[in-house]
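> build me a structure from this.
(one chain, ligands or ions: 1)
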Amino acid sequence: MIEVSGLRKEYGDFVAVENLSFSIAKGQIFGIVGPNGAGKTTTLKMLGGLIKPSRGDISMKGLDMFRDSVEIKSFLGFLPEESPLYEGMSVNDYLMFFAELYDIDKGVAKKRISDLLFDLSLNADGKKIGDLSKGMKRKVAIARSLINDPDILIYDEPASGLDPMTSRYITDYVRSLKKEGKTIIFTAHNLYQVESLCDNILILKNGQKIIQGTADHIREEYGKIQYRLEFRVDDIGDYDLADVTQADDAYVVITDDIDVVNNTTKWVASRGGDIVEMRTIVPSLEDIFLSIMGVELFAE
Ligand SMILES: Nc1ncnc2c1ncn2[C@@H]1O[C@H](COP(=O)(O)OP(=O)(O)OP(=O)(O)O)[C@@H](O)[C@H]1O
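Numbering: from 1, shown residues only. Take a look at the predicted model:
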């Protein structure tokens, strides 16, 4: 559905995105994550045809982004990080205005707007956009991105800065768009959201791809599974197999070395102690992300 190859964007001497290649299959939710300034918005803007890459190619449905940009834009919906809305207009007038820009038949547009407002639970009661809450404004921007019934959606932080309920609503809404067969590319800082929503995740750092794949693939490549062993013994005195911490009346060892687990188990048995619990700790995408970005993590 979408092929990106060798994408690069320079702003003067500064390289914001470098040698980026990836493919997105139809109907996928593709999440782009990375710290501030990693090049996420720049990448989305190139995918949305809003800025021109310095180098590289983008094709969608076999069409070339720059040769066939008019046709591509007819099936794209773009949601910028901050969408300028016409504050003095009512929601209906605003959406109708964009429907006219897309040359959509008035009857079709009316029905689409009413469906979108219903699906997004957006009841503005004729209020002006300027008088709406932040969450409602975000929903208006999302409705606008869908006014041409696009197949491909490019959303820059769709749920950022919203309260948890509205953020959750928008995440669920994005999931429902996938069920309609739409392909969605989005950026987010909430990695839990990304992990629960995305079929494919691209991690960017300093404009470059660190890794791309399913959450499981990223976990296999970067996430070390750790073992947590909790035990009781009367005297910990000569235990020297790994770092140990005390938790209530027990001791805890966290390690990625299975030999430490086995040897500790033997040691505990030899001292007449008990194993209270042994389990694995699977790292979350957030743990992996932070470790890739070079942030030291707590053991638990
Ligand atoms: N028009 C521009 N001119 C010069 N530099 C720019 C321009 N737009 C972006 N940049 C720079 O390119 C880099 C990537 O910016 P971009 O907005 O793509 O990052 P981002 O990953 O979306 O960050 P954030 O999470 O903060 O939104 C940043 O260092 C930014 O300062």
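> for residue 179, phi and psi?
Note on residue 179: its backbone torsions stand at phi -60, psi -30 [degrees, to the nearest 10].
> close to the ligand, is stretch 9-21?
Yes - using Cβ under 6 Å from any ligand atom, stretch 9-21 reaches the ligand at 11, 14, 16. Yep, even glycine has a C-beta here, placed from its N, CA and C like the rest.
> past whichever strand or helix holds residue 219, which element shows up next along the chain?
Taking DSSP states H and E as the definition, residue 219 sits inside helix 215-222. Next along the chain after helix 215-222, taking DSSP H and E as the criterion, comes strand 226-232.
> outside of that following strand, which residues touch it?
Residues outside strand 226-232 that contact it (Cβ atoms under 8 Å, 6 or more residues apart in numbering): 247, 249-256, 258, 260-261, 264-265, 268, 273-281, 283, 299-300.
> equivalent analysis for stretch 201-221, please.
9, 15-22, 30-35, 38-40, 42-43, 194-195, 198-200, 222, 282-283, 285, 288-289, 292-293.
> those in strands, which ones?
Members of the contacts of stretch 201-221 lying in strands (criterion: DSSP state E): 9, 15-22, 30-33, 200.
> re earlier: C-alpha coordinates for the helix holding residue 219, PDB please?
Written as PDB, here are the backbone C-alpha positions of helix 215-222 (Å, rounded to 0.1, in the frame of the first residue of the first chain):
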ATOM      1  CA  ALA A 215       6.000  -5.100  19.200                       C
ATOM      2  CA  ASP A 216       7.000  -8.800  19.600                       C
ATOM      3  CA  HIS A 217       9.800  -8.400  17.000                       C
ATOM      4  CA  ILE A 218      11.100  -5.300  18.800                       C
ATOM      5  CA  ARG A 219      10.900  -7.200  22.100                       C
ATOM      6  CA  GLU A 220      12.900 -10.100  20.600                       C
ATOM      7  CA  GLU A 221      15.600  -7.800  19.200                       C
ATOM      8  CA  TYR A 222      15.900  -5.400  22.100                       C
END
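> for PyMOL, write the selection for the buried entries among the contacts of strand 226-232.
Typed into PyMOL, the next command selects the buried ones out of the contacts of strand 226-232 (criterion: 16 or more other Cβ atoms under 10 Å):
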select buried, resi 250+251+252+253+254+255+260+261+264+268+273+276+281+283
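> for residue 66, which non-adjacent residue is spatially closest?
residue 52 (7.0 Å; Cβ to Cβ, 6 or more residues apart in numbering).
> where's the one you found, which helix or strand?
Here residue 52 is assigned to no helix or strand, by DSSP H and E.
> neighbours around it, how many?
Counted with other Cβ atoms under 10 Å, the neighbours of residue 52 add up to 11.
> that one against residue 46, yeah?
Yes - here residue 52 reaches residue 46: they are 7.5 Å apart, a contact under Cβ atoms under 8 Å.
> could you pull out the helices in the stretch 51-200 of the chain for me?
Under the criterion DSSP state H, counting those that start in this stretch, the stretch 51-200 of the chain contains helices at 69-74, 91-101, 106-119, 134-145, 164-179, 191-197.
> hang on, the earlier thing: drop anything exposed from the contacts of stretch 201-221.
When these are checked for burial by 16+ other Cβ under 10 Å, the buried set is 9, 15-18, 20, 22, 30-35, 38-40, 42-43, 194-195, 198-200, 222, 283, 285, 288-289, 292.
> enumerate the residues of the protein near the ligand.
Residues of the chain lying near the ligand by Cβ under 6 Å from any ligand atom: 11, 14, 16, 34, 36-42.
> run the last query once more with 8 Å
By Cβ under 8 Å from any ligand atom, the residues of the chain that approach the ligand are 9, 11-12, 14, 16-17, 34-45, 81, 156-157, 187, 189, 204, 207.
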